[in-house]
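**Q** quick one: sequence plus predicted model below, questions after.
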Amino acid sequence: MASTSWLPKVRVAACNVSPIFLDTAATVQKTIALIREAAANKADLVVFPETHIPAFPLWAALSAPIANHALFNRLASQSLLLRGPEITSLRRACRDNRIFAHVGFNERAESSVGCIWNSAILIGERGEVVNHWRKLVPTFWEKLVWAPGDGRGLRVVDGGRVGRVGGLICGENTNPLARYSLMAQGEQLHISTYPPVWPTHSYTPPSSANASEGQAKQYPNLSANFTRTAAHCFEAKCFAVQCAGYMDKSMRDQLVAHAPDSAELLDSLTQGESCFVNPRGERIGESIQGQEGVVYADLDLNECVAPKQFHDVVGGYQRFDVFDLKVDRKRMDAEAIFDGEGVEEDHLSDLQQLDDELVSYGKAAT
């Protein structure tokens, strides 16, 4: 009888960790150490939180825009260029350790010192850039920091031993059209990344008459994130890794130093959870919340097959004659005015050259 196990089995690591707040060099070194740790623990893929490098800009929720210029300047100075030395270091770490890595980072535009995107990069086991995307729409107060992204990164890539991998950043997981665009490309492993906390209301002291009402309005970090992850897995019949950041004491104290009135609010917030979900929308493997650490899960992608018989929304359980979705993947930034003759092509050329160098070096070392 022929084997029914024909898809990869994947070991995934989720890093529920803090950055070295607004210190890119130190955070990159911490990230490389965690890549090595995950590889030593036999992970095929390691995932880092939303804008892990160099920090998630929580200050935009804590004080008025006119009070945040210094922190925005600091973030801009520490944000990464796609072809910068920090990305190269991460790619070399993946190549040297034969591991895939998904890293969230603040990306600075080549064309503007003040344009920052909420970006993520998926690096392959040979050090190649597998995918690069920018968050489509910054959420709520995030618009004070980040520019809108585009559809260029709405791709599912065939990662070989890690299966067909796609991902969305934080609130993008609320967008059914963005999620469907990944389902339609045969996604088997979904990456969703989140910040450590996400305040939506001011702090209400427990002693006040409306304390319960005020606390109830605060964003439900745990349930909101897991609901979206589980729903996507159930609809796509895929696995997911949900990876949240962690706010350590150093990050908290620096935010409070900037916005002293935020101490009680920050201390009252529930930190996010990192976990894994199967195609039935159920938790599997390890999970972690409220502390720094790395958790693991072993995923058998063959479990994606049977549920497709019940609801295959990109196959037999869809009406393509009724519904029609189009995705525009054009890069949308200042360089697009050159109609294909600008810096974007230079970026791609440089990245391809580095790809070739990294792959050649890796082959020579084996």
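**A** Happy to help now that I have it.

**Q** what stretches of the protein score poorly on pLDDT?
**A** For the chain, residues meeting the criterion pLDDT under 70 lie at 1-3, 208-216, 339-366.

**Q** quick one: the strands in it?
**A** Under the criterion DSSP state E, strands of the chain are mapped to 9-16, 45-47, 100-108, 116-123, 129-134, 157-158, 164-169, 189-194, 239-244, 273-277, 283-289, 293-300.

**Q** so which of these is nearest Pro65?
**A** With C-beta to C-beta as the criterion, Pro65 lies closest to strand 116-123 of those, at 14.5 Å. In this view, the C-beta of every residue, glycine as well, is placed from N, C-alpha and C.

**Q** list the beta-bridge partners for the residue nearest to the spatial centre of the chain.
**A** Nearest to the geometric centre of the chain sits Thr193, at 3.8 Å (C-alpha atoms, centre = their mean). With DSSP bridges applied, Thr193 shows beta-bridge pairing to Ile169, Cys243.

**Q** Gly167 is in contact with that one, correct?
**A** Yes: with contact defined as C-beta atoms under 8 Å, Thr193 reaches Gly167; the gap is 7.2 Å.

**Q** joint contacts of those two?
**A** 102, 120 (C-beta atoms under 8 Å, 6 or more residues apart in numbering).

**Q** distance-wise, check the nearest residue to Ala231 once chain neighbours are set aside relative to Pro8.
**A** Nearest non-adjacent residue to Ala231, counting by C-beta to C-beta, 6 or more residues apart in numbering: Gly281, 7.0 Å away. Going from Gly281 to Pro8 by C-beta to C-beta, to the nearest Å gives 21 Å.

**Q** just Phe105 next, same as before
**A** 27 Å.

**Q** between these two, which one's more packed in?
**A** Counted by other C-beta atoms under 10 Å, Phe105 and Pro8 do not tie: Phe105 has more neighbours, with 28 against 18.

**Q** residue contacts, the nearest residue to the more buried one once chain neighbours are set aside?
**A** Distances taken as C-beta to C-beta, 6+ apart place Ile53 nearest to Phe105, at 4.1 Å, with adjacent residues excluded. Taking C-beta under 8 Å, 6+ apart, we find Ile53 in contact with 19, 24, 27-28, 31, 80, 86, 103-106.

**Q** let's see if you can find the most crowded of those.
**A** Pro19 (30 neighbours).

**Q** which ones are touching that one?
**A** 27, 30, 52-55, 245, 251.

**Q** excluding chain neighbours, what is closest to Gly315?
**A** Lys308 (6.8 Å).

**Q** test my guess that the one you found contacts Lys237.
**A** Yes: with contact defined as C-beta under 8 Å, Lys308 reaches Lys237; the gap is 5.2 Å.

**Q** who's more crowded, these two?
**A** The neighbour count for Lys308 versus Lys237, taken as other C-beta under 10 Å, is higher for Lys237 (26 against 16).

**Q** so who does Pro8 touch?
**A** Taking C-beta under 8 Å, 6+ apart, we find Pro8 in contact with 160-163, 301.

**Q** before we move on, back to that, any chance of the strands of the chain in JSON lines, plus distance to Arg36?
**A** Below are the strands of the chain laid out as JSON lines (distance: least, C-beta to C-beta, whole Å):
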{"stretch": "strand 9-16", "distance to Arg36": "11"}
{"stretch": "strand 45-47", "distance to Arg36": "10"}
{"stretch": "strand 100-108", "distance to Arg36": "11"}
{"stretch": "strand 116-123", "distance to Arg36": "14"}
{"stretch": "strand 129-134", "distance to Arg36": "19"}
{"stretch": "strand 157-158", "distance to Arg36": "23"}
{"stretch": "strand 164-169", "distance to Arg36": "21"}
{"stretch": "strand 189-194", "distance to Arg36": "20"}
{"stretch": "strand 239-244", "distance to Arg36": "18"}
{"stretch": "strand 273-277", "distance to Arg36": "19"}
{"stretch": "strand 283-289", "distance to Arg36": "19"}
{"stretch": "strand 293-300", "distance to Arg36": "11"}
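
**Q** for Arg331, find the nearest of these.
**A** Nearest to Arg331 among the strands of the chain is strand 129-134 (9.2 Å), distances taken as C-beta to C-beta.

**Q** direction included, what does the closest one pair up with?
**A** Strand pairing for strand 129-134, determined by DSSP bridges: strand 116-123 (antiparallel).

**Q** how about the strand it pairs with: buried residues?
**A** Using 16 or more other C-beta atoms under 10 Å as the test for burial, strand 116-123 gives 116-123.

**Q** do stretch 63-78 as well
**A** Residues of stretch 63-78 classed as buried by neighbour count (16+ other C-beta under 10 Å): 63, 68, 71-72, 74-76, 78.

**Q** which one of those residues sits closest to Ser262?
**A** Taking C-beta to C-beta as the measure, Ser262 sits nearest to Ser63 out of those, at 7.4 Å.

**Q** Arg331 is in contact with Glu110, correct?
**A** No: counting by C-beta under 8 Å, Glu110 sits too far from Arg331 to count as a contact (11.9 Å).

**Q** ok, now which ones touch Arg36?
**A** Arg36 makes contact with 93, 97, according to C-beta under 8 Å, 6+ apart.

**Q** roughly how far does the closest residue to Leu266 other than its chain neighbours sit from Ala38?
**A** Nearest residue to Leu266, sequence neighbours excluded (C-beta to C-beta, 6+ apart): Arg252, at 5.5 Å. To Ala38, Arg252 is 26 Å away according to C-beta to C-beta.

**Q** these two: who's more crowded?
**A** Neighbours were counted for Arg252 and for Ala38 using other C-beta under 10 Å; Ala38 has more, 25 against 20.
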